[in-house]
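A.B. asks: sequence and predicted structure below; questions after.
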Amino acid sequence: MSRPIHATVHTAALIHNLQRLRLAAGDAKLWAVVKANAYGHGLERVYEGLRGADGFALLDLNEAQRLRNLGWRGPILLLEGAFEPRDLELCSRLDLWHVVHCDEQIDWLSAHKTQVPHRVFLKVNSGMNRLGFAPHRVRSAWTRLNALPQVDEISLMTHFSEAEQAQGMAPQVACFVAATADLPGERSLSNSAALLSVEGHPHAASLKNDWVRAGIALYGSSPDYPAHSSTDWGLQPAMTLSTKLLAVQALQAGDRLGYGGVFTAPGPLRVGIAACGYADGYPRHAPTGTPVLVQGVRTRLLGRVSMDMVAVDLSPLEAAGLVLGSGFGFGSEVTLWGLAAKGAVLPIDEVAHAAGTVGYELMCGVASRVTFEQSADGSNPTKRR
Ligand SMILES: *Cc1c(COP(=O)(O)O)cnc(C)c1O
């Protein structure tokens, strides 16, 4: 038998989250952001759940090709545009829309031979200072693009650096609006955080969005945790990482546990050893106290995360009346994040927060040695694919 760790992608949760974000987006069209192999879930595994989106946004040309192979005929947007001139050939062939964020990309377009003009998204640097044209250069970039026979419709976009609160976005919105004031074309401003945080906010109306770009919230993680949890936003986890107990140890007072002996038992303590470590993508910096579920009962990590194993405190199971050997023990289900038996949920954001990171990093970082499976409903899978 292979190691018992596996990741499950929940199609029903993706469908639910997509509906939830559509509600927040109002009349705007919705890009499902599926970069980084759908935030680690696997493009092919999320396709069924997210095909109700108006388009897919991503970075890698090979991922765009995979989407076309899946049969997607709708819009695909390359969020960083072409990386070199010959990428434009694939854009023509696969009918990809692409961001234009710098002069070089306009130069490449002007030299590109294509039968079909390209739909482009002109990126405005409204203050994040990563990609995009400075506000005073937007008009000239637009004029240059507009004069090219290779270019069809020009849309305008920007990206927020502090979308977790409406006030954080205000200066960037003002900058974008001023820089694009009398330019025609569709607008795309909001990521998940912007989309959710302005819902019902007076600010929302001024934030004209023809296309919202939703990523993290589709996968069931709250973009502004801990200010709001995924439950607060009405989102469901799209990924479960689960494994089993490989061993149970009975520690006595003073016994040390794992590498470095950083945890010492204060008294008699049952400890479970689970088949999951940092080589599976579990964060090595998760400290003692990081939440974990065993048989759906919430407990905590103990000691240091090692390459292939973590230790968990089994006393909450005993406190819940479960008995070693019948209620729990070797082979018990351990949920690192996501859904457990009996409807228990451990949001990925809680684990990420305890480890000093964000849900994005954990879901993107599940290692290739972990077996993935897909589950149609929200329950734990019984069938592996
Ligand atoms: C990744 C990305 C998004 C999605 O952001 P989330 O926080 O995951 O919703 C939107 N726009 C751009 C340009 C991105 O790179």
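C.D. replies: Looks like it arrived, so ask away. The structure displayed is predicted, hence computed values, not measured ones. Numbers count the residues shown, from 1 in each chain.
A.B. asks: all strands of the stretch 251-385 of the chain, in order?
C.D. replies: Applying DSSP state E, counting those that start in this stretch to the stretch 251-385 of the chain gives strands spanning 256-257, 263-264, 269-274, 291-294, 297-302, 310-313, 333-339, 345-346, 371-375.
A.B. asks: could you dump these to CSV with distance to Asp107, mean neighbour count and mean pLDDT?
C.D. replies: Placement of C-beta: from N, CA and C, glycine included. Below are the strands of the stretch 251-385 of the chain laid out as CSV (distance: least, Cβ to Cβ, whole Å; neighbours: other Cβ atoms under 10 Å; pLDDT from 0 to 100):
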stretch, distance to Asp107, mean neighbour count, mean pLDDT
strand 256-257, 60, 16, 97
strand 263-264, 58, 18, 98
strand 269-274, 54, 22, 98
strand 291-294, 51, 24, 98
strand 297-302, 52, 21, 98
strand 310-313, 51, 25, 98
strand 333-339, 45, 26, 98
strand 345-346, 50, 21, 98
strand 371-375, 41, 18, 95
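A.B. asks: and those: which comes nearest the ligand?
C.D. replies: strand 333-339 (17.1 Å; Cβ to the nearest ligand atom).
A.B. asks: quick revisit: now distance to Leu322 too, for the strands of the stretch 251-385 of the chain, in JSON lines please.
C.D. replies: Output for the strands of the stretch 251-385 of the chain, formatted as JSON lines (distance: least, Cβ to Cβ, whole Å):
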{"stretch": "strand 256-257", "distance to Leu322": "21"}
{"stretch": "strand 263-264", "distance to Leu322": "22"}
{"stretch": "strand 269-274", "distance to Leu322": "11"}
{"stretch": "strand 291-294", "distance to Leu322": "9"}
{"stretch": "strand 297-302", "distance to Leu322": "7"}
{"stretch": "strand 310-313", "distance to Leu322": "13"}
{"stretch": "strand 333-339", "distance to Leu322": "12"}
{"stretch": "strand 345-346", "distance to Leu322": "18"}
{"stretch": "strand 371-375", "distance to Leu322": "25"}
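A.B. asks: could you tell me which residues of the chain lie near the ligand?
C.D. replies: Val33, Lys35, Leu79, His159, Asn191, Ser192, Ala193, Arg213, Ala214, Gly215, Ile216, Pro223 (Cβ under 6 Å from any ligand atom).
A.B. asks: most neighbours of all those residues, which one?
C.D. replies: When neighbours are counted by other Cβ atoms under 10 Å, Ala214 leads the residues of the chain next to the ligand with 29 neighbours.
A.B. asks: can you pull out the helices in the stretch 101-250 of the chain?
C.D. replies: All helices of the stretch 101-250 of the chain, identified by DSSP state H, counting those that start in this stretch, fall at 103-111, 138-146, 166-180, 192-197, 230-233.
A.B. asks: mean pLDDT lowest where, among these?
C.D. replies: If you rank these by mean pLDDT, helix 166-180 sits at the bottom with a mean of 88.
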